[in-house]
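> need a structure here:
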Amino acid sequence: MLASNEEGGTLDALRFSLASDIVELVVLTSDEVFLQTLREAVGGTRRLWHVSSPDKVSDLLVAGQVGILVLDVQTLNETASVFVGQIKRQFPDLVVVAAGNREAETSLAGLISAGTVYRFIHMPMSPARAKLFADAAVKKYDEQRKRFTAVPPIKPRPRSNSGVLIGGTMSILGVIVVAAWVMHRDRDVDAGAPSADRVASPSAESPLLVGAAAALSANRLTEPAGDNALELYGEAQAQNPADPIARAGLAEVRERLLARAENALLEERLDEAAAAIETARKSGVESGRIAFLSAQLAKSRERVTSAQAAVRARSEPKAAADKMTPLLGLAAQRIVDAHLIDPEQDSALFYIRAALRLDPNNGAAQEAKKALALQLLAEARGAIDRRDFAHASRWLEAAKGIAAADHIETVQGQLAAARREADADAWAELLKSATERLRQDRLIEPADDSAKYYLLTLRDLDPSNAGLAAAMQDLGTRLVAKARLALGLQQYEAARSWLGEAAAIGFASPESRSVLHDLDAAADKQQFLANVVAAGDLTFVKSVTPVYPAKANLSKIQGWVELDFTVAENGAVKDIAVHAASTPGVFEGSAISALSQWRYKPVVRDDKNVALRARVRIRFVLAD
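Reported below is the predicted structural model:
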């Protein structure tokens, strides 16, 4: 089977193609490189007819009904848009693919937006991209053929290859072809399935459809909101679901949206293609076509990613090698200088990590990594032996990602064991120090070198220590004993302070409770004795005059004695004590003897007789 033909190919050969499923491509170009690229892309799977002038195109199209025209815009210059318009009017089902530079694309922008030009190829291009364009054009052509019923073959009259686009002896045949196409179109409309490429003009009575047609003509497919073809045709169809114009308009909008997505894919504008596919999906394009485009997008992205990776793979090894040697040299020197992890950005660790980032599998880098790992673990073990656990932890942290995980785990186990041993030694030393301070009676002072300090520290660190409970019991007992001694000496504040120390360490015993009871009673008594009233404020029931001491009488000594005493609940006097005397040792006995016989009216408070402390001054004066 012929893979391609030139202008002189016979009409018989062309008619042969009509009897097969092979899609014919006509290429109008004078660019040999472009032509060769297309031939490579198409290969032997499709016929490719090359012509170098526009008038040859008409002969091939009329005679063979070729499905796809690839048009090099540079061949036609400024007449390209006119030529395409005439071709499409005569052959509406022809799939036109234009090729050229950016300026050529701009000149055909209106035809591209309207869908008259199905795709635009930017030149130059690779065979792979050309194949994508060709496959897309064939797919488009196949879809169009499925939408129309078959046209009975028309046997054309022979004619010269020099015929022009419209005219000459082929004009009658052209009219016949156009008429046949119109018949196909009318049958489709009658069948209720209008073609999206041929949207009928709206009636004057439908402003909504007029606006929709205007938006479609201006290629305002989805923007701006409220004035785009998709929304307006959608509203029209919502008002009249059977309206063929609205249905055809929506179909055309969706086709153009798909065309945008396909074109972006073929041009490898992948982000733009993704956005266009999403817009087409939202517009209601059937899911099968969206799925196909999404799959093509995924393949294109994978291909681009693979290509980029290949480029990096070719360029990175040399760049990595150029950087690797100095990094490893610096790392080796830092190991010799014992700068394993410091300074942070000028250490063996820093340079080896940088080398591994360049090429994790580099043999020299792996050897340097092993050497550093050995050094880091050796430093960690040395710190453990010195019981410098902070530095040991730092070395092990630096070894992560450098040394093997099981080696790090082994040294971490050694560190944990050493810590436990060190803790046990420290706790034993604390207990020993506490015991010594107990023997020395240094119970709470000094604050950081006493039995209390060492025992509380041990309790915080090792509450289950075997010797802790007995030592704490000993300390508590000693503290309570100190409180009892102070109580006996009437040092009530000191006694209360010692009891507070015992309670602070959590100590309690029957003796501590007894001392506290006695201390509270002593405190109450002290308060009672301190609250003294003047005896003159009390009511006498009985008084006895004291006897003047004989010795004082002979010596002609006068004076006074102040006595404190308790008036009991029944009014009796008790608990007499000398508060002051003018001449100590002279009058006290006589005054106490007399006062002890006095009686007072009981003091009543809150309907209850109460004891009261009072003070009286008894004077001793000689008679004249």
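
> so where's the stretch 51-200 of the chain uncertain?
In the predicted model, the stretch 51-200 of the chain carries pLDDT under 70 at residues 62-65, 78, 147-200.

> can you check the chain too?
Applying pLDDT under 70 to the chain flags the ranges 1-23, 44-46, 62-65, 78, 147-205, 310-320, 624.

> now the biggest helix by length in it: how far from the chain's centre is it?
If you go by DSSP state H, the chain has its longest helix at helix 287-336. Relative to the centre of its chain, helix 287-336 is centred 26 Å away, using C-alpha atoms, centre = their mean, to the nearest Å.

> before we move on, what about stretch 68-86?
Stretch 68-86 sits 55 Å away from the centroid of its parent chain (C-alpha atoms, centre = their mean).

> Buried by neighbour count: which residues of that stretch qualify?
Within stretch 68-86, the residues scored as buried using 16 or more other C-beta atoms under 10 Å are 68-76, 80-81, 83-84. The way it works is simple: take the backbone N, C-alpha and C, and place the C-beta from them, glycine included.

> can you map out the strands along the protein?
Secondary structure of the chain (DSSP state E): strands located at 4-5, 25-28, 48-51, 68-72, 95-100, 119-122, 532-534, 540-542, 559-567, 573-581, 599-600, 603-605, 608-610, 612-620.

> the inter-axis angle of the fourth one versus strand 95-100?
Counting by axes from the mean of the first three to the mean of the last three C-alpha atoms, to 10 degrees, strand 68-72 points 20 degrees away from the direction of strand 95-100.

> Give the other helices and strands that strand 68-72 contacts.
Under the contact definition 3 or more C-beta pairs under 8 Å, 6 or more residues apart in numbering; DSSP states H and E, strand 68-72 sits against strand 25-28, helix 80-90, strand 95-100, helix 127-147.

> Would you check how far apart Lys608 and Arg437 are?
Distance, Lys608 to Arg437, by C-beta to C-beta, to the nearest Å: 52 Å.

> Please apply the same query to Ser590.
Taking C-beta to C-beta as the measure, Ser590 falls 56 Å from Arg437.

> between those two, which one's more packed in?
When neighbours are counted by other C-beta atoms under 10 Å, Ser590 and Arg437 differ, and Arg437 comes out ahead with 23 against 19.

> which residues sit in contact with the closest residue to the more buried one other than its chain neighbours?
Of all residues not flanking Arg437 in the chain, Ala451 sits nearest, at 3.8 Å (C-beta to C-beta, 6 or more residues apart in numbering). Ala451 makes contact with 434-435, 437-438, 442-444, 471, 475, according to C-beta atoms under 8 Å, 6 or more residues apart in numbering.

> make it 6 Å
Applying C-beta atoms under 6 Å, 6 or more residues apart in numbering, we find Ala451 in contact with 434, 437-438, 443, 475.

> Most widely separated two among these?
Using C-beta to C-beta, the contacts of Ala451 span at most 10.2 Å, a distance reached by Ala434 and Leu443.

> Of the two, which one has the most company?
Under the criterion of other C-beta under 10 Å, the comparison of Ala434 against Leu443 puts Ala434 first, with 25 against 20.

> do you know how far Leu232 is from Glu286?
Distance check for Leu232 against Glu286: by C-beta to C-beta, it reads 21 Å.

> So for the two, which sits in the more crowded spot?
Between Leu232 and Glu286, counting by other C-beta under 10 Å, Leu232 is the more crowded of the two (26 against 10).

> For that one, which non-adjacent residue is spatially closest?
Of all residues not flanking Leu232 in the chain, Ala212 sits nearest, at 3.5 Å (C-beta to C-beta, 6+ apart).

> wait, doesn't that neighbour sit right on Asp227?
No - using C-beta atoms under 6 Å, Ala212 is not in contact with Asp227, being 9.7 Å away.

> between the two, who's got more neighbours?
Shown here are Ala212 and Asp227; by other C-beta under 10 Å, Ala212 has more neighbours (30 against 14).

> Run through the residues that contact that one.
Going by C-beta under 6 Å, 6+ apart, Ala212 touches 229, 232-233, 249.

> most neighbours, which of the residues you listed?
Comparing these by number of neighbours (other C-beta under 10 Å), Tyr233 comes first, having 30 neighbours.

> Name the nearest residue to that one, ignoring sequence neighbours.
Once flanking residues are discounted, Tyr233 sits nearest to Gly249: 3.8 Å by C-beta to C-beta, 6+ apart.

> Quickly note the distance from Val541 to Ala521.
For Val541, the distance to Ala521 (C-beta to C-beta) stands at 30 Å.

> just Gly585 next, same as before
Look at Gly585 and Ala521: by C-beta to C-beta, they are 33 Å apart.

> Which one's more surrounded, those two?
More crowded of Gly585 and Ala521, by other C-beta under 10 Å: Ala521, with 11 against 7.

> burial count for the nearest residue to Gly67 once chain neighbours are set aside?
Of all residues not flanking Gly67 in the chain, Tyr141 sits nearest, at 4.1 Å (C-beta to C-beta, 6+ apart). Using other C-beta under 10 Å, Tyr141 has 20 other residues around it.

> What of Ser555?
Ser555 sits with 11 neighbouring residues when counted by other C-beta under 10 Å.

> follow-up on the earlier one: in TSV: the contacts of Ala212, plus distance to Arg89.
Output for the contacts of Ala212, formatted as TSV (distance: C-beta to C-beta, whole Å):
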residue	distance to Arg89
Ala229	22
Leu232	26
Tyr233	24
Gly249	21
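
> Greatest separation within these: which pair is it?
Farthest-apart pair in the contacts of Ala212 is Leu232 and Gly249; separation 8.0 Å (C-beta to C-beta).
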